[in-house]
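K.L.:
have a look at this prediction, sequence included:
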Amino acid sequence: MDNAVEKKLALSHFWVAFGAFALAAVMGLYQVIERSGFFGFLESREVYYASVSTHGVLMGFVLTTFFIMGFGYYVATSSLKLPVWNKTFAWTGFAVALLGVVLAALPLLGGAASVLYTFYPPMQGHPLLYIGATLLVVGSWFWCVSMIVMYMQWKKANPDQPVPLAMFATTANAILWLWTSAGVAIEVLFQLIPLALGWIDTIDPGLSRTLFAWTLHPIVYFWLIPTYTAFYCLVPKQAGGFLFSDEMARAAFIILVVFSLPIGFHHLYMDPGISHGWKILHAIGTFVVTLPTFITGFTVIASLEIAGRLNGGKGLFGWIASLPWSNPMVLAIILALLMLIFGGFGGLVNASYAMNAMVHNTAWVPGHFHLIFGGTTVIMYFGIAYYFWPVLSGKPLFSNAMAIKQLWTWFIGMSIMTTPWHILGLLGQPRRIDSVNYNNNLLTLSWEPYEAVMIFGGAILTYSAGLLIYNLYKTQISNESYQGEIEYAEPIHAVNDLPNYLNSFKIWNIVIAVFMLIAFGYPILQHFLMETFGSSRWGV
Amino acid sequence: MHIDQLERKWAGISLGIAGLFVVLILISALFHGINAPSHVETIDSARLHLSEEFAEDKLGPELNPDGSLTVRVVAGRYGFYPKTMTLPAETNITFRWVSLDVLHGVHIPMTNMSTMIVPGYVAEVNTVLHHTGDYPLLCNEYCGMGHAHMWANIKVVSKDQWLEMYNKGEANHG
Ligand code: HEM
Ligand SMILES: [Cu+2]
Ligand SMILES: [Cu+2]
């Protein structure tokens, strides 16, 4: 199959993603340095908050969304062996999303939208921020439609056959994202844009928080699913083995999608507008959604063990040494799993209804999500990039050794940066401060050494980001040529008579609708039943 | 469909672990008096100065007949009012926080006093401060350019000492 257009489509998305990443990484380094207060001449809260707002949007929304779209298009075409459906439609989605990014970037970089990537009302940024963000989401909906249509095309042509796992996961993610983005879309369309343009004068910030929480949890699974897809479908093959269980993988993806949606109130444990009962309900759901991660850990490590033993590894742990550590995808997963162990532990603390009070909104929180998101999730994006770039560009990877070095430095830098960040949180440092101004002497003095270590970690990370971009760029401009396709891992047991509920999303959509109604129905409705008082807009 | 025996076992173990956490959470939430603010009480943030409860002279600690305390604090860019307070240790305290303007958050390091302060809502937190000493009270949600400057001080003293001060009218240095 000639899929030159698909390659270009995927590569274009990837370049936007990693371009945004490169810019944001440099800003990240500036931020760790500025916030430490060690360099007086750098101090500027205006620049700091413009930078953090932009860094958050670029890392959280642009890197992820574009990476996921590019990955999805190429997974669809290569796993289903179908051309991407309606390419004009796909390019339109790309253009709309890119336009959104450009529109949002203008006020962000100009300091007119320093409301951070969570844009909590009633603080208001420039209207272009909200319009741009909306376009980015709308562009991503084009992608969702493409994925669902291709999935259906394939099912129609192959009735009763199991949909290839990679595509099953990608379709699950498209469906997840449609459900996920609805919450913030309602908030932006009915509250923030009308308020920013002056069509309405006040909004209920409690309602905004409820709607935002609808999106805030499942969005992290939207980011994570490509990583898990690589865990299950790409890594075992790269490691020289097989996938331990295809069926369990499907079950894991379904539980992820279904249970990541109705649990967003764990972000609102400390909010006055939600009563205990709802918080506890969402807390319970939060622990259910740890199940697919437990299962993934097991299946993926079992798959790696199969590979290690096939490569000649012996003994209880000998297989670990026999893994191809010099394969970027394999190294990426090993490091991702290591960060997942520590990050997962932190996540359990956050998720615990009582312990959350100790860490809520402290420096612990950015420490945690840099480790699990900037670490576990994103390091796998790098692994995927190293594998996809030669296939998509038709050029061999510029340097495998540099890729390995890049992954190690990312892991080391992330460990060095996030450990003190967690400790700062336990020492009471609030998140999102540009400088330390509290005259509480001993406590704030005790923060300083940790700030210094963070800068060191941030510098290593930025160096690592540079290596990644350099390697991809050199690959792209090379004169040599490379022929190859993405290869998917085979399960050790062929998938026979798969029950329909593991091959279709129909019934799961109904389950989600019911769960969402239960989890969010009344909490949203209450804002219309009780007497609420609107807030008017406030600048930054 | 093929599910490996080991995998079945592991799924069972995972379910057990998650179940255990849920049980622990439920026990702590139901029997240990968790302090999360979940009061769902609304208030007009634009007219706080006219309200019975949060008018300027009503802010700070108030001793209730049963010996517990109600502490009312207004958060607004960029400070907490009253700016300094003295509070008793080992006493049931009900904090009531409101915002004048945007979203804020507040915590007292090394304690479990933590809450978001959402405009339009009263955030009520019940807690006991166990250790005497000086504590900062820090804004922990981005509220604008001065976010890092938004803080106040509280001093926690023994209950007897506090009562003496309170009776002299010194506990709240507004
Ligand atoms: C070069 C590596 C990086 C450095 C040095 C860095 C540093 C920082 C710093 C200092 C902040 C400000 C936090 C605060 O004010 O509390 C921040 C915010 C943020 N970072 Fe990074 N970061 C890096 C990479 C990443 C990556 C890879 C991601 C995710 C893909 C990420 C996502 C975010 C987000 C979403 C925020 C916004 C947080 C907020 O608004 O509270 N960062 N980063
Ligand atoms: Cu969450
Ligand atoms: Cu603040």
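P.N.:
Ah, there it is. Ligands and ions are numbered 1, 2, ... in the order given.

K.L.:
drop to CA atoms for contacts and neighbour counts, all remaining ones
P.N.:
OK.

K.L.:
where does chain B have low pLDDT?
P.N.:
Chain B contains residues with pLDDT under 70 at B:33-35, B:171-174.

K.L.:
that one: strands as residue ranges?
P.N.:
Counting by DSSP state E, chain B has strands at residues B:41-42, B:60-63, B:69-76, B:79-81, B:84-88, B:92-99, B:104-107, B:114-117, B:121-128, B:133-139, B:151-157.

K.L.:
pick the most buried one from these.
P.N.:
Greatest average neighbour count among the strands of chain B goes to strand B:114-117 (a mean of 30), per mean count of other CA atoms under 10 Å in any protein chain shown.

K.L.:
ok, and what's touching that one?
P.N.:
Contact partners of strand B:114-117, identified using CA atoms under 8 Å, 6 or more residues apart in numbering or on different chains, comprise A:270-272, A:357-358, A:360, B:36-37, B:75, B:97-99, B:103-108, B:123, B:125, B:141.

K.L.:
beta partners for B:Tyr135?
P.N.:
Beta-bridge partners recorded for B:Tyr135 (DSSP bridges): B:Ile154.

K.L.:
that one and B:Thr111 touch, don't they?
P.N.:
No: assessed by CA atoms under 8 Å, B:Tyr135 is found out of contact with B:Thr111, at 9.6 Å.

K.L.:
domains in chain B, by residue range?
P.N.:
Domain ranges of chain B: B:1-35, B:45-168, per automatic domain parsing.

K.L.:
quick one: is the first one near chain A?
P.N.:
Yes: under the criterion of CA under 8 Å from any CA of the partner chain, chain A is reached by domain B:1-35 at B:1-4, B:7, B:10-11, B:14-15, B:18-19, B:21-22, B:25-26, B:28-29, B:34-35.

K.L.:
tell me which of those fall in helices.
P.N.:
If you go by DSSP state H, the residues of domain B:1-35 next to chain A have B:7, B:10-11, B:14-15, B:18-19, B:21-22, B:25-26, B:28-29 in helices.

K.L.:
run through the residues of chain A sitting next to ligand 1.
P.N.:
A:25, A:28-29, A:31-32, A:52, A:56, A:59-60, A:116-117, A:366, A:370, A:373-374, A:431-433, A:458, A:461-462 (CA under 6 Å from any ligand atom).

K.L.:
of the residues you listed, which belong to helices?
P.N.:
Among the residues of chain A next to ligand 1, the members falling in helices (DSSP H) are A:Ala25, A:Gly28, A:Leu29, A:Gln31, A:Val32, A:Val52, A:Gly56, A:Pro366, A:Gly458, A:Leu461, A:Thr462.

K.L.:
distance of the first one from A:Met329?
P.N.:
Right, the one you point to is A:Ala25. Look at A:Ala25 and A:Met329: by CA to CA, to the nearest Å, they are 22 Å apart.

K.L.:
residues making contact with stretch B:32-45?
P.N.:
With CA under 8 Å, 6+ apart, stretch B:32-45 has contacts from A:269-276, A:354, A:357, A:531-535, B:28, B:98-101, B:112-115, B:119-127.

K.L.:
tally of neighbours for A:Gly484?
P.N.:
Neighbourhood size, A:Gly484 [other CA atoms under 10 Å in any protein chain shown]: 12.

K.L.:
next up, the contacts around it.
P.N.:
By CA under 8 Å, 6+ apart, the contact set of A:Gly484 is A:Pro390, A:Val391, A:Gly394.

K.L.:
please pull out the lowest mean pLDDT helix or strand from chain A.
P.N.:
When each helix and strand of chain A is scored by mean pLDDT, DSSP states H and E, helix A:441-445 comes last, with a mean of 80.

K.L.:
so is that one next to chain B?
P.N.:
No: against chain B, helix A:441-445 shows no contacts by CA under 8 Å from any CA, the least distance being 9.1 Å.

K.L.:
how far away from the center of its chain is that helix?
P.N.:
Relative to the chain's own centre, helix A:441-445 is displaced by 35 Å; criterion: CA atoms, centre = their mean, to the nearest Å.

K.L.:
do stretch B:159-173 as well
P.N.:
21 Å.

K.L.:
dump it to PDB, restricted to CA.
P.N.:
Once non-C-alpha atoms are left out, stretch B:159-173 reads as follows in PDB (Å, rounded to 0.1, in the frame of the first residue of the first chain):
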ATOM      1  CA  LYS B 159      -5.500  27.200  75.300                       C
ATOM      2  CA  ASP B 160      -5.200  29.000  78.700                       C
ATOM      3  CA  GLN B 161      -2.900  31.600  77.300                       C
ATOM      4  CA  TRP B 162      -5.300  32.100  74.500                       C
ATOM      5  CA  LEU B 163      -8.300  32.500  76.700                       C
ATOM      6  CA  GLU B 164      -6.500  35.200  78.700                       C
ATOM      7  CA  MET B 165      -5.700  37.100  75.500                       C
ATOM      8  CA  TYR B 166      -9.100  36.700  74.100                       C
ATOM      9  CA  ASN B 167     -10.700  38.100  77.200                       C
ATOM     10  CA  LYS B 168      -8.500  41.100  76.900                       C
ATOM     11  CA  GLY B 169      -9.400  41.400  73.300                       C
ATOM     12  CA  GLU B 170      -6.000  40.700  71.900                       C
ATOM     13  CA  ALA B 171      -6.400  37.400  70.000                       C
ATOM     14  CA  ASN B 172      -7.200  39.100  66.800                       C
ATOM     15  CA  HIS B 173      -4.700  41.700  65.700                       C
END
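
K.L.:
who's in contact with that stretch?
P.N.:
With CA under 8 Å, 6+ apart, stretch B:159-173 has contacts from B:Gly60, B:Pro61, B:Pro82, B:Lys83, B:Thr84, B:Met85, B:Thr86, B:Leu87, B:Pro88, B:Ala89, B:Glu90, B:Thr91.

K.L.:
how close does the fifth one sit to ligand 1?
P.N.:
Think B:Thr84. Look at B:Thr84 and ligand 1: by CA to the nearest ligand atom, to the nearest Å, they are 26 Å apart.

K.L.:
neighbour count for A:Ala25 and A:Met329, which is higher?
P.N.:
A:Met329 (30 against 23).

K.L.:
who does the helix or strand hosting that one touch, helix- and strand-wise?
P.N.:
Applying DSSP states H and E as the criterion places A:Met329 in helix A:328-351. With contacts defined as 3 or more CA pairs under 8 Å, 6 or more residues apart in numbering or on different chains; DSSP states H and E, helix A:328-351 has these neighbours: helix A:235-238, helix A:276-288, helix A:356-359, helix A:364-369, helix A:378-393, helix A:400-426.

K.L.:
let me know the secondary structure of A:Asn496.
P.N.:
coil (DSSP: H, G, I helix; E, B strand; the rest coil).

K.L.:
buried residues in the least confident helix or strand of chain A, which are they?
P.N.:
A:Leu443, A:Thr444 (16 or more other CA atoms under 10 Å in any protein chain shown).

K.L.:
could you export the strands of chain B as JSON lines, including distance to A:Gly315?
P.N.:
As requested, the strands of chain B are exported to JSON lines (distance: least, CA to CA, whole Å):
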{"stretch": "strand B:41-42", "distance to A:Gly315": "62"}
{"stretch": "strand B:60-63", "distance to A:Gly315": "66"}
{"stretch": "strand B:69-76", "distance to A:Gly315": "62"}
{"stretch": "strand B:79-81", "distance to A:Gly315": "62"}
{"stretch": "strand B:84-88", "distance to A:Gly315": "61"}
{"stretch": "strand B:92-99", "distance to A:Gly315": "59"}
{"stretch": "strand B:104-107", "distance to A:Gly315": "51"}
{"stretch": "strand B:114-117", "distance to A:Gly315": "50"}
{"stretch": "strand B:121-128", "distance to A:Gly315": "54"}
{"stretch": "strand B:133-139", "distance to A:Gly315": "53"}
{"stretch": "strand B:151-157", "distance to A:Gly315": "58"}
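
K.L.:
contacting residues for the closest residue to A:Leu502 other than its chain neighbours?
P.N.:
Nearest residue to A:Leu502, sequence neighbours excluded (CA to CA, 6 or more residues apart in numbering or on different chains): A:Arg250, at 6.2 Å. Each residue near A:Arg250 by CA under 8 Å, 6+ apart is listed here: A:Leu165, A:Phe168, A:Ala169, A:Leu502.
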